[in-house]
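In: Okay, predicted coordinates and the sequence, questions at the end:
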Amino acid sequence: MKKLAILALALITFQANAQDKKEVRKERKEKMMQLEPQEMAELQTKKMTLHLDLTEAQQKRVMELNLEQAKQRKAAMQKRMEAKEKGEKPTKEQRLAFENKKLDAQIENKKKMKNILNDEQYKKWETMLEKRTYKRAEMKGKMRRGKRMEEKKMQKELSND
């Protein structure tokens with residue numbers, strides 16, 4: 001009986017934490033959707049200026065690039081949100097096309113940044129991208145591992161009863 005009560009408490013706690021994380025993600029998405037592409041580009045450019053010590057000329061070129069990307073991201077976000085509201089899920093081919101398009105855009109962005117930044121700044125920028133990519137992958141892994149560990153614990157507790 002005790003184990004059953006502990007299991008129920010663990011399930012309730014796990015569910016509450018999962019809901020909180022979903023709400024935080026939803027709020028973050030809503031905040032990003034409220035920003036205009038111009039505002040997103042300005043914020044990104046300022047962050048890069050602080051981190052990479054950009055000159056005025058570099059700031060202008062980076063701002064143009066960031067604005068172009070922000071407009072594309074905003075349009076893509078709106079398209080995904082509309083599809084999600086309709087209950088549509090992308091097919092395997094659509095996901096593949098999206099990933100290919102995204103990677104092509106990243107390659108093009110890298111080329112443009114290499115032309116704008118000097119060697120030292122470019123190395124810093126690449127390191128910054130790598131850290132961000134690593135952190136995202138790490139968080140996804142933690143989320144997946146956390147779910148698996150919770151499931152294993154529950155199965156183990158149920159099998160012990």
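Out: Received, thanks.
In: C-alpha from now on. contacts and neighbour counts both.
Out: Noted.
In: surely Leu54 meets Thr45?
Out: No - contact criterion Cα atoms under 8 Å: Leu54 and Thr45 do not qualify, at 9.2 Å.
In: So which of those two has more stuff around it?
Out: Thr45 (23 against 19; other Cα atoms under 10 Å).
In: need the contact list for that one.
Out: Gln59, Val62, Met63, Asn66 (Cα atoms under 8 Å, 6 or more residues apart in numbering).
In: Just give the number of residues close to the first one.
Out: Meaning Gln59. Gln59 has 19 neighbouring residues, counting by other Cα under 10 Å.
In: what's the distance between it and Leu129?
Out: 18 Å (Cα to Cα, to the nearest Å).
In: same question, the last one
Out: Spatial separation of Asn66 from Leu129 under the definition Cα to Cα is 15 Å.
In: what does Asn109 give?
Out: For Asn109 relative to Leu129 (Cα to Cα), the value is 12 Å.
In: For these two, indicate the residue with more neighbours.
Out: Asn109 (15 against 12).
In: Look up the pLDDT of the more buried one for me, please.
Out: Model confidence at Asn109, given as pLDDT, is 93.
In: Many thanks, we can stop here.
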